[in-house]
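>>> need a 3D model of the following:
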Amino acid sequence: MKKKELEELKMKTIEELKRFIVDLRDEVGKLKIEKGLGKLINTNAIKNKNKDIARALTFLSMKSVKIDVPAEKGDS
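Below is the predicted model:
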């Protein structure tokens, strides 16, 4: 995944990220079928798609988890 694609991934909404992950998982499934049939030439594609899924899941968790910073004591 290129830097430009990573920046685009960061800018996606939660729903867009979920849709992107589902699409990538479908692609990985198709690639695995092709590999099993012996038609897949670039077997690294499966590994790369799985890494893209992990990146997207990371951004999804970063967006969905909100960290609340507690106020310091003595700020009255």
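>>> quick check, central residue of this protein?
Ala56 (1.5 Å; C-alpha atoms, centre = their mean).
>>> wait, Leu9 touches Phe59, no?
Yes - the pair Leu9 / Phe59 is scored as a contact, 5.7 Å apart, by C-beta atoms under 8 Å. Placement of C-beta: from N, CA and C, glycine included.
>>> can I assume the residue nearest to the centre of the chain is in contact with Leu17?
Yes - the pair Ala56 / Leu17 is scored as a contact, 5.6 Å apart, by C-beta under 8 Å.
>>> tell me the secondary structure of Leu40, please.
Following DSSP: H, G, I helix; E, B strand; the rest coil, we place Leu40 in the coil state.
>>> on that earlier part again, the residue nearest to the centre of the chain sits in which helix or strand?
Using DSSP states H and E, Ala56 maps to helix 44-64.
>>> who are the packing partners of that helix?
For helix 44-64, the packing partners by 3 or more C-beta pairs under 8 Å, 6 or more residues apart in numbering; DSSP states H and E come out as helix 3-11, helix 14-37.
>>> least reliable of those by average pLDDT, please.
If you rank those by mean pLDDT, helix 3-11 sits at the bottom with a mean of 88.
>>> give the burial count for Phe59, as a bare number.
18 (other C-beta atoms under 10 Å).
>>> overlap in contacts, Leu9 and Phe59.
Overlap of the contact sets of Leu9 and Phe59 (by C-beta atoms under 8 Å, 6 or more residues apart in numbering) consists of Leu17.
>>> go ahead and confirm Lys63 touches Leu17.
Yes - using C-beta under 8 Å, Lys63 is in contact with Leu17, at 7.1 Å.
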